[in-house]
Structures are given as C-alpha cells and as structure tokens.
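Participant: fold the following for me, if possible:
(one chain, ligands or ions: 1)
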Amino acid sequence: MECPYCHTVGSRVLDSRESTVGIRRRRICDNCQKRFTTYEKVSFVPVMVVKRNGKKEIFSTEKLENSLKMACVKRPIKNIEVSNIVEKIEVSINKNYHNEIQAGKIGQMCIKYLKKLDHVAYIRFASVYRDFKNIDSFTKEVELLKK
Ligand SMILES: [Zn+2]
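Facilitator: Predicted coordinates:
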C-alpha cells in the first residue's frame with residue numbers, strides 16, 4: 001500500500017475494521033510516519049479453506065483474528081499486533097493460493113508469527129493446531145523455547 005505523502009510502499013496497519021465499502025484500515029507509513037486511511041474493496045475471489053475433515057469454508061479474516069485473539073488472551077499483546085498478523089496471512093493467501101488452502105497451512109503461518117510475538121500465545125495456539133501427540137512432544141517444544 002503506497003503512502004500518499006512520500007509514495008513509499010511499506011506501511012503498518014494501526015486499526016482495521018470492516019465497513020460497508022470494504023475494509024477500512026488506518027495505516028502509518030514506515031518511512032515518513034504519517035498516517036493515512038485506506039479502504040480496501042474485497043474484490044478477490046474468495047479462497048476456500050479445506051479443513052482436516054475435508055469440509056470447506058470460505059476464508060474469513062474475522063475467524064482467523066478471533067482464533068489468534070483467543071491464544072493471546074491476557075498476554076501483553078496489542079490488538080493491532082494481532083491485526084498485523086492477520087493482514088500478513090491474508091496477503092500471503094491471496095498471493096499464493098487461488099482456489100483453496102489447507103487449514104493446516106494457515107495454522108502453520110499463525111504459529112510462525114506467534115512464535116516471534118509471544119511464546120505463551122504460541123504454545124497455546126500450537127497445542128490446538130499442531131496436535132501434540134503426547135505430553136513429551138509438548139514439553140520438548142517448551143524446552144526448545146527456553147533456550
Ligand atoms: Zn510516507
């Protein structure tokens with residue numbers, strides 16, 4: 001998203017909400033630090049998420065955001081940090097997957113970003129999505145994080 005002031009492409013999302021005209025995002029430019037608002041029309045073809053049981057559903061950023069927020073409950077994580085992860089994942093899906101994506105792939109992306117953000121949130125999320133086979137593999141993961 002290009003900054004209207006200095007035309008640099010990099011910006012961060014400060015706030016994101018759905019409106020009737022699309023997704024309204026407050027952004028701050030990485031270069032000049034000025035703030036601007038964008039309205040993004042949801043014009044792309046919806047991507048289907050294939051769940052583990054084979055069922056498909058339309059990819060929803062809202063659902064993704066909710067599941068991430070659940071992992072982040074009572075952690076020192078700002079809503080905007082979660083929204084930024086959602087945006088990165090959304091962009092990656094739209095760029096790399098045209099018809100459908102396995103739910104596990106989305107889970108892996110979430111895990112990757114949460115790991116950088118907060119270890120407790122990461123473990124919470126991973127314990128649901130990675131399906132730790134037993135307590136040993138879970139403990140191993142925690143031990144890895146301690147290092
Ligand atoms: Zn700028």
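
Participant: any idea how the protein splits into domains?
Facilitator: Each structural domain of the chain that the record assigns through automatic domain parsing is listed here as a residue range: 1-43, 59-146.

Participant: the ion: which of these is closest?
Facilitator: Smallest distance to the ion across those (C-beta to the ion): 3.1 Å, for domain 1-43. Where you see a C-beta, it was placed from the backbone N, CA and C, and this is true even at glycine.

Participant: how far off centre is the closest one?
Facilitator: Taking C-alpha atoms, centre = their mean, to the nearest Å, the mean C-alpha location of domain 1-43 is offset from the chain mean by 17 Å.

Participant: so for it, mean pLDDT?
Facilitator: Domain 1-43 comes out with an average pLDDT of 84.

Participant: state the next helix or strand along the chain beyond the helix or strand encompassing residue 36.
Facilitator: Following DSSP states H and E, one finds residue 36 within strand 35-40. Downstream of strand 35-40, the first helix or strand assigned by DSSP H and E is strand 48-50.

Participant: buried stuff in the next helix or strand after that following strand?
Facilitator: Heading C-terminal from strand 48-50, the first helix or strand you meet, by DSSP H and E, is strand 56-58. Along strand 56-58, no position meets the burial threshold by neighbour count (16 or more other C-beta atoms under 10 Å).

Participant: so what's the residue nearest the centre of the chain closest to, chain neighbours aside?
Facilitator: Geometric centre of the chain, nearest residue: residue 86, 2.4 Å, by C-alpha atoms, centre = their mean. Nearest residue to residue 86 in three dimensions, chain neighbours excluded: residue 65, at 4.9 Å (C-beta to C-beta, 6 or more residues apart in numbering).
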